[in-house]
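1. Have a look at this fold, sequence not included:
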């Protein structure tokens, strides 16, 4: 097993790109983690909000909206096909072509502290037919960082209904706890003057 970890820091945003290769007969795993904590919260405020403001994007979260929805969960097809094993030169070559496309997307949407793309995806919109499907916890966090109380409440109720219908009680409680925390987060970033600009489609 091999891990390759690339890190960077811009505008108090910590970037970590992790590439893990468990064996040559398995697909490599890739994910990007952004730690936004220092960008939005002062040292003093971190004592009032102990949770880290982290966003993780797996390559399988990035979807192509030009194609029809597929599967029972109605996901758009993957934007990147990195399901190539490293058992042959063919697999390595095709994987690296897709990996190169992925790196270019990261530079386009995240370079130099850019968070506009994250905000677009949190609101369920796409950019150039690209959509990142976020977990509700990340979606609500980005909405809270933009101080959009009305939309935060709307999405909270939406996810409450889904988790309630699916009888996922432990995750529903986590959602309720997170919502209370995100309301505190809103007041902190408003006080610090670090909030995201209001979202415009």
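-> Structure's in. What do you need? Computed from a predicted structure; not experimentally measured.
2. from here on, contacts and neighbour counts on C-alpha atoms
-> Noted.
3. what bits of the protein have low per-residue confidence?
-> For the chain, the stretches with pLDDT under 70 are 69-74.
4. what sits up against the lengthiest helix in it?
-> Scanning the chain for the longest helix, with DSSP state H as the assignment, gives helix 169-192. Defining contact as Cα atoms under 8 Å, 6 or more residues apart in numbering, one finds that helix 169-192 is touched by 40-42, 45, 49, 137, 140-141, 144-147, 156, 160, 163-164, 195.
5. where's the closest residue to residue 84 other than its chain neighbours, which helix or strand?
-> Leaving out its chain neighbours, the residue that sits closest to residue 84 by Cα to Cα, 6 or more residues apart in numbering is residue 91, at 5.0 Å. Assigning secondary structure by DSSP states H and E places residue 91 in helix 89-110.
6. how far does the helix or strand following that helix sit from the chain's center?
-> Downstream of helix 89-110, the first helix or strand assigned by DSSP H and E is helix 116-122. Mean-position distance between helix 116-122 and its chain equals 9 Å (Cα atoms, centre = their mean, to the nearest Å).
7. which outside residues touch stretch 47-63?
-> So stretch 47-63 is in contact with 30-37, 75-80, 130-134, 138, 141, 181, 184-185, going by Cα under 8 Å, 6+ apart.
8. May I have the distance across that stretch, first residue to last?
-> From its first residue to its last, stretch 47-63 covers 37 Å (Cα to Cα, to the nearest Å).
9. and what of stretch 54-66?
-> Stretch 54-66 has an end-to-end distance of 29 Å (Cα to Cα).
10. How about it, which residues are buried there?
-> Neighbour counts using 16 or more other Cα atoms under 10 Å place 55-65 of stretch 54-66 among the buried residues.
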